[in-house]
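Peer 1: With the sequence up front, the predicted model follows.
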Amino acid sequence: MVRLFFVPLVLTTACPSWISVMGHKATKDVKRLTAPEMRGRSARTFGGAIAAAWIEARFREIGLAPAGDHATYFQQFESSQKDGALAMANVVAVLPGDGAETIVIGAHYDHLGHGEPGSLGKAGEIHPGADDNASGVAAMLGAARELKRRGGAGGRRTVVFIAFAGEERGILGSSHFVRATTNRFGKIVAMLNLDMVGRLRNDTLMALGAGSGNEFAALFAEVAAKCCELHVRVSGGGYGPSDHTPFYARGIPVAHFFTGAHTDYHKPSDTADRLNYTGIGKIALFVTEVALRLAKAVKPPTFVRLKDTAPAAGRGYGVYLGTVPRFGTPGPGVEIDGVRTGSPAELAGLKQGDVIRRLGTFKVDTLEDLTRALRSLKPEDTVGVVVERVADGKKTEFLNKVTLKKRGN
């Protein structure tokens, strides 16, 4: 029975009053992260660095131990650029557990600055990114405070909190974390991603990709009903444009918590006054309870490889290959971090770890080259794909045929 996986839910504080407290703290956190001096928190900028330092101070204030590089809270993953841009860094803290397994709770802190590529608003104006993703950082900090207040996770598993950089530039920080720290904290058994959780409506919280954890749906429903009067909808594949994707690609159960799209997305109008702070408080308490149960459970959640559908039409290129690139790798070529089930790439025999070097007549040295190739091809085109693969310590190159499909099919 699924219920044997869970430990009993015990709430130490009356939910409504504690949700109010957590919502109040979230208000302060979001307002600070969207303040003018943060300048839209763009990666590689002074505003992004200010945001990272502020999050470090919050982790320190809460009493979490540093878990970045060289006994600091920072995990730097890109050196300074020639154009004078600053390095990017994840901000990482930990609540130690008793065993060799880990739960990750993450949220990206970067946004679009004054209107980087991806902006749907007027360039030159500060994009404060209240929902995307000051809300997620606030909810993560709320869960961290509450777990620490209760004396830590107090179970078999460690809980690692990560504020990711570079999500808006292609999930760079989470990709680096998974690559660089796969075994550092022991086996990661679950990843809870908070991205755009600031506009809770009708008490409905989406848990995208949560079918990747066989026990997640029952766990989320029970915790939500007893703790926060939330309705949690489990839907979607494990791959998506947020920081859970690199974890899912490694066979780790994930859930991307999300309160829905809105017309202020990636615009200067995504401001702090438009958020539902009681909702953020509910979500922070919900994540706290889920993390406690996962930390104390006898067995970790069971990973399920989901059947992924092609991305919706109108997003990205006109054709669908079905590979998830490993962002932040230097090349040459594009390394594959994941292959969607049933996709043209899977049917062509492509695997995680392969490096695409050519697609059709296009040489592929960078992700931009692959993008250019896909934009130039049409659905139902059958082309050659040249791939490098390492097996038994030897690198081989082979040519397969792939038939591209229309996005949205």
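Peer 2: In hand now; what should we look at?
Peer 1: mind listing the helices for the stretch 101-250 of the chain?
Peer 2: Here the stretch 101-250 of the chain has its helices, by DSSP state H, counting those that start in this stretch, at 135-149, 172-180, 216-223, 245-249.
Peer 1: Turn the ones you listed into TSV, including distance to Tyr73 and mean neighbour count.
Peer 2: (Glycine included, C-beta is placed from N, CA and C.) Shown next, in TSV, are the helices of the stretch 101-250 of the chain (distance: least, Cβ to Cβ, whole Å; neighbours: other Cβ atoms under 10 Å):
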stretch	distance to Tyr73	mean neighbour count
helix 135-149	12	26
helix 172-180	13	23
helix 216-223	29	20
helix 245-249	20	25
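Peer 1: Generate a markdown table for those, with mean pLDDT and distance to Leu95 as supplementary columns.
Peer 2: Shown next, in a markdown table, are these (pLDDT from 0 to 100; distance: least, Cβ to Cβ, whole Å):
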| stretch | mean pLDDT | distance to Leu95 |
| --- | --- | --- |
| helix 135-149 | 97 | 6 |
| helix 172-180 | 91 | 17 |
| helix 216-223 | 95 | 19 |
| helix 245-249 | 93 | 19 |
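Peer 1: hang on, isn't Ile126 packed against Glu37?
Peer 2: No: counting by Cβ atoms under 8 Å, Ile126 stays clear of Glu37, with 10.3 Å between them.
Peer 1: Can you report how many residues neighbour the nearest residue in space to His176 that is not next to it in sequence?
Peer 2: Once flanking residues are discounted, His176 sits nearest to Phe77: 3.8 Å by Cβ to Cβ, 6 or more residues apart in numbering. When neighbours are defined as other Cβ atoms under 10 Å, Phe77 has 20 of them.
Peer 1: Please list all residues in contact with Phe77.
Peer 2: Counting by Cβ atoms under 8 Å, 6 or more residues apart in numbering, Phe77 makes contact with Ala87, Met88, Ala89, Asn90, Ala165, Gly166, Leu172, Gly173, His176, Phe177, Ala180, Gly328.
Peer 1: any weak-confidence spans in the stretch 201-350 of the chain?
Peer 2: For the stretch 201-350 of the chain, applying pLDDT under 70 flags the ranges 308-318, 327-330.
Peer 1: if you count what's nearby, which of Ile126 and Glu37 comes out ahead?
Peer 2: Ile126 (20 against 10).
Peer 1: and the more buried one, what does it touch?
Peer 2: By Cβ under 8 Å, 6+ apart, the neighbours of Ile126 are Pro36, Arg39, Gly40, Gly113, His114, Pro268.
Peer 1: Quick check on those: which are buried?
Peer 2: Arg39, Gly40, Gly113, His114, Pro268 (16 or more other Cβ atoms under 10 Å).
Peer 1: just these now: which is nearest Arg150?
Peer 2: Proximity of those to Arg150 was ranked by Cβ to Cβ; the top entry is Gly40 with 34.7 Å.
Peer 1: Correct me if wrong: that closest one contacts Ser119.
Peer 2: No: using Cβ under 8 Å, Gly40 is not in contact with Ser119; the gap is 9.6 Å.
Peer 1: okay, and the common contacts of these two?
Peer 2: Leu112, His127.
Peer 1: So His176 is in contact with Asn90, correct?
Peer 2: Yes: counting by Cβ under 8 Å, Asn90 is a contact partner of His176 at 7.2 Å.
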